[in-house]
Structure formats: structure tokens, C-alpha cells
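# fold the following.
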Amino acid sequence: MAGGVIVVSGGRDYHGDITAFVVVACLVAAMGGLIFGYDIGISGGVTSMEDFIKRFFPSVLRKMSDEMGKENEYCKFDSQLLQLFTSSLHLAALIASFFASIVTRSYGRKISMLSGGLVFFAGAVLNGAATNIEMLIVGRLLLGVGVGFTNQSVPLYLSEMAPAKIRGALNIGFQMAITIGILISNFVNYGTVQIKGGWGWRVSLGLAAVPAAMFIVGSLILPETPNSILERGNPERRRKYLVDACEVAKQGDNPWKKIMMPKYRPQLVICTLVPFFQQLTGINAIIFYAPVLFNTLGFGEDASLVSTDITGAVNVLATIVSIVSVDRFGRRILFLEGGFQMIICQVAVAIMIGLNFGFSGEGLLTKVEANLLLVFICGYVAAYAWSWGPLGWLVPSEICPLEIRSAGQAISVSVNMFFTFIIGQLFLTMLCHLKFGLFLLFAGFVIIMTMFIHFFLPEMKNIPIEEMNRVWKAHWFWKRYVTDEDVISTDQDSASSSHANDII
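Below you'll find the model as predicted:
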């Protein structure tokens, strides 16, 4: 059986209780997703606001107004500077994720989350007060540093605090918070665009400080995870958790060197390819530029923001589907069904845009056609929101043993941010040159990544993090990298670690 895996019995029984303390801690930590989601949604909204474009990107406004009616609809928002406003955050997050890896490993998940919240707060204030493009970009870079730290630490925190049988649902709380942040930002944009006087965009950007402040307070009251305490070798607190065997995580303090070892090849490949594929679904192109895209397709400014609100609501509801089903049906079925649905919807969107706008970019959607297009885009967003959206964060965070966990998460975040930056920086240009074919390109990528999931990702439902070597050993491909000794060693090394989590 190519893609599947049956995990043989014989692993340890982990008695991690589902307590109110654990659930509340995970929900508070998941608020880190709010700041990321709010920024994703808000940046797309303000870039469709005429007052914002007039102040910071006048060349785009001139292109829209001077040549209205004859400008290629695919190209009217094509501006490298406009795209830099959106994508600069992810470039900063990419660089910050490597530093965040060091902080997360050396000082703990809690300090990393707090640092991210503080820097993000500063960036939000600077963006809201921006008077020139330089202040705007510097603010975006600070936001990116905050995102790099929170995206590095929050998924790790959730995976380490959650009992195995509900780890998927609690970890997806991070993605749920992202989608809620996107939805809130969509409503904020719809409200601020109505403000007279040309300062509504300041409210949209400045309000990012609110979820940042909430996350900062939450980070201050959260406990540290047992695994982080053990990883840092705190003698007094280690005795509290009665753990001796975790010294395996301290043998060779370089997780980057360790993750390159053959026995960690499955983790290295999946921590690299899953976030890489996540961005090649094209979702961030839709989320970042949804108002711009709908405006491009003739929806009008207000209508484009309303359509964005609808897709945002679909995003939230579909993420709930993932939370409910991920620990019941598993990761693979959500990946595979979501991929199939995204392919259908992307092809349908490409056909509709191609029939109405052709290669010239000149055309108009009727009301019925516009509504049908919105249905297909919502179907695409829903499929992503219960598959690649949450699972793209969950899977890399739950497969790495303690000794390589910080490196694995840093790789996952940095790959995610790098390709988010690439897509954000090039989407409007690609739309200009590839036209409706851009959506066929993304559909082709989804076909490839769905095949990868089928053949190379084993099921991880209800498997404790410390038992993952059993999963790799039972897989048709990855078993060549994991020896019987690795499985036995994992059983011995995880014994005391499970005791620590039980105490929590």
C-alpha cells in the first residue's frame, strides 16, 4: 500500500488527561494566530482602498484612472512596490524564524511568543502612524519579525501541551485563530473604507495592535511546556517533573546538525515540502489580494470587500470542520479530499475568467457569473481551510522528536515564509502575464502535492510525538531510514517524557 501505514502495537500508553488547564493554555497560545491572520486580511483590504493607494502608490492610481476602460484588467494593479508592501512582512518573518529557533530552544516557547507579540505591537503602531512609504515598509518588517517568532513557537507549544488524542484539534486552534483574524480584518476593512477624510486605512492598520496586546498578556500568564523545560536542562524544575531520560536531547546541542542525519530524513523532507506545497496551493494569493482580485474582475470596491467577507466567513466555518474531524478521520483523508476539491474549483475559476476576459483582459462579468465565480472561490477556500491550511502547520509541528524540534519548526516556518514572500511579491505580476492560466498553474501544483501526500505522508492520528519513529518504520518508503534500534531508543527515551506530560 503506497501511501498508507499501519502502526504496529507495542508503543507506550500515554495517559495525558484532557484538563481545563491544558485546554485553556492551548487556546490562549493559539491567539498568536490572530495577529498573523489579521495582518493577512488587512493588507489585502487597504491595498484596494483608493485613499491608501493615492498616498503611497500614486502610480497605481494613475494607471487605474488615466487609462480606465482600455487598460488590461489583468494588469491594472501590477506594481512591484505595491506587492512589496504585502510581501515584505514575510521576508522579515523568514529571517526572524532562524533567530526565533535559537530563542525558542535556549529560552523557551513562552519567551519566544512574548517577544513576537511585542515586536508585532510596535510594527502595528508604526504602520498606523505612517506618513511615508519608508515608515510603512519598516512597520511591515517589524510585523514580519513578530510573525516569525510566533509562527515558530506557537505550533510547537500547542503540540507539546496537547494530549495525543486531541493534539490535532488543539493545534488547529492556531489556524482557527488565523482565519478568525482574517475575518475580523475583512469586516474592519469594510467599515473603515466608509470613513470620510481618507484616514480609514490608518484605523485598519493600527488596530493590529489590539490582537498583539491580547497575545502579549496571554504569553505572560502561560506556563512553559515540560519539553521546553527539559530541553533547556533546568535542574530544579527537571526534578519537579521527575525526568532523567531527556538527556538525549542534550547530546550534541546542535539540532541543525542532527536533523541532517539519515534517521531524521522523513522529518527533514516533510518539514520542507509540506510548507512549500502549502504556498503553491495559491491560497495566499487569494487571501492577500482578494479585494484587489474581485475589483479586477469588476466587482467594484464595496462589492469586492463584501465578497472578501464572504470568503473569510467560509474560511472560518471550514476550519471548524477540520477541528472536528482531524482526530477522528485523520490527516490524510483531509489532505486528499481537500486537494481534489481545490483542483476542481481552480480549473472552474480559470475557465470562467478565461471565457469572460480571454487573453486581452477586457470583459465584464454578469451578476450571475460573478456570483458563480464567488461560489467556486469559496469552494476552493473551504477545501484549503479544512486541509492544507491547518494541516500545513500541524504536521511539521508534530513529527519531530525533541532533539530536532526547534530546527524542524524553523525550517517549516522559513520555507513557508519564503514562498509566501515569493507568491505575495509576484502574484499581481503573474496575473498580468499568465492571465487566467495562473489558476491552472496552481491547480497543476495541487495535483503534484496531492500525489505526494498519497504516497509519502503516513497517518499520524492519535500517535504521541515521542512514538513517531514507529510510524516511519511501518511506512513503505521511510522505513529504509529508521532502524529497529531507533524505535527501541525512542521507546526508552520517551518513557520519562510521557510522565512529565501526565503531571501537567
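
# what's the weakest-modelled helix or strand in the chain?
helix 235-241 (a mean of 49; mean pLDDT, DSSP states H and E).

# setting aside sequence neighbours, what's the nearest residue to residue 92?
residue 144 (2.7 Å; C-beta to C-beta, 6 or more residues apart in numbering). For every residue, glycine as well, the C-beta is placed using N, CA and C.

# and residue 163, how far is that from residue 400?
Distance, residue 163 to residue 400, by C-beta to C-beta, to the nearest Å: 18 Å.

# the residue nearest to residue 92: which element?
Taking DSSP states H and E as the criterion, residue 144 maps to helix 133-161.

# returning to that earlier point: which elements pack onto the following helix or strand past the least confident helix or strand of the chain?
As assigned by DSSP H and E, the chain's next helix or strand after helix 235-241 is helix 255-259. Other helices and strands packing on helix 255-259, by 3 or more C-beta pairs under 8 Å, 6 or more residues apart in numbering; DSSP states H and E, are helix 405-434.

# ok, back up a step: angle of the helix holding residue 144 against helix 405-434?
130 degrees (axes from the mean of the first three to the mean of the last three C-alpha atoms, to 10 degrees).

# quick one: mean pLDDT over helix 133-161.
The pLDDT scores in helix 133-161 average 88.

# not counting sequence-adjacent ones, nearest residue to residue 384?
residue 283 (4.8 Å).

# got any ranges where the protein has weak pLDDT?
Applying pLDDT under 70 to the chain flags the ranges 1-18, 63-74, 76-77, 227-253, 285, 288-293, 295-305, 361, 488-504.

# by contact count, what packs against the helix or strand where residue 442 lies?
Here residue 442 is covered by helix 437-456, with elements defined by DSSP H and E. Applying 3+ C-beta pairs under 8 Å, 6+ apart, one finds that helix 437-456 makes contact with helix 265-280, helix 331-357, helix 405-434.

# mind putting these in a markdown table, distance to residue 22 and mean neighbour count included?
Listed next are the helices and strands packed on helix 437-456 as a markdown table, based on distance: least, C-beta to C-beta, whole Å; neighbours: other C-beta atoms under 10 Å:
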| stretch | distance to residue 22 | mean neighbour count |
| --- | --- | --- |
| helix 265-280 | 25 | 21 |
| helix 331-357 | 21 | 20 |
| helix 405-434 | 19 | 23 |
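
# which one of those helices lies nearest to residue 30?
Evaluated over the helices and strands packed on helix 437-456, closeness to residue 30 peaks at helix 405-434, with 15.7 Å, by C-beta to C-beta.

# and the closest one, what other elements does it pack with?
Looks like helix 405-434 contacts helix 80-107, helix 133-161, helix 226-232, helix 255-259, helix 265-280, helix 283-296, helix 388-398, helix 437-456 (3+ C-beta pairs under 8 Å, 6+ apart).

# of all those, which one is nearest residue 187?
Of all the helices and strands packed on helix 405-434, helix 283-296 comes closest under C-beta to C-beta, at 12.7 Å.

# and the next element down the chain from the closest one?
Next element after helix 283-296 (DSSP H and E): helix 301-329.

# what is the orientation angle of that next one with helix 388-398?
Going by the same axes, to 10 degrees, helix 301-329 makes 50 degrees with helix 388-398.

# buried residues, helix 301-329. List them.
Within helix 301-329, the residues scored as buried using 16 or more other C-beta atoms under 10 Å are 304-316, 318-319, 322-323, 325-327.

# got the CA coordinates for the next helix or strand after the helix holding residue 442 in CSV?
Next in sequence after helix 437-456, counting helices and strands by DSSP H and E, comes helix 468-474. Extracted as CSV, the C-alpha positions of helix 468-474 are listed here (Å, rounded to 0.1, in the frame of the first residue of the first chain):
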residue,chain,number,x,y,z
MET,A,468,6.6,8.8,15.6
ASN,A,469,9.6,6.5,14.8
ARG,A,470,7.1,3.6,14.8
VAL,A,471,5.1,5.4,12.1
TRP,A,472,8.2,5.9,9.9
LYS,A,473,9.4,2.3,10.4
ALA,A,474,6.0,1.0,9.2
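
# against which helices or strands is helix 468-474 packed?
Judged by 3+ C-beta pairs under 8 Å, 6+ apart, the packing partners of helix 468-474 are helix 484-503.

# for residue 215, what are its contacts?
31, 32, 34, 35, 113, 116, 117, 120, 150 (C-beta atoms under 8 Å, 6 or more residues apart in numbering).

# hmm, 10 Å instead?
Contacts for residue 215 (C-beta atoms under 10 Å, 6 or more residues apart in numbering) come out as 28-35, 113-114, 116-118, 120-121, 146, 150, 154, 177.

# cool, and residue 185?
34, 37-46, 204, 207-208, 211, 308-309, 312.

# swap in 7 Å and give it another go.
38, 41, 42, 45 (C-beta atoms under 7 Å, 6 or more residues apart in numbering).

# again, but for residue 397
155, 156, 159, 171, 409.

# what helix or strand is the closest residue to residue 324 other than its chain neighbours on?
Leaving aside its chain neighbours, residue 324 sits nearest to residue 169 (7.6 Å; criterion: C-beta to C-beta, 6+ apart). Using DSSP H and E, residue 169 sits within helix 167-192.

# hey, what's the angle from that helix to helix 133-161? Just curious.
150 degrees.

# which strands and helices lie in contact with the helix or strand following helix 167-192?
Following helix 167-192 in sequence order, the next helix or strand is helix 200-206 (DSSP H and E). Counting contacts by 3 or more C-beta pairs under 7 Å, 6 or more residues apart in numbering; DSSP states H and E, helix 200-206 packs against helix 32-46, helix 50-56, helix 109-128, helix 167-192.

# go again using 6 Å as the cut-off
helix 32-46, helix 109-128, helix 167-192 (3 or more C-beta pairs under 6 Å, 6 or more residues apart in numbering; DSSP states H and E).

# cool, thanks, talk later.
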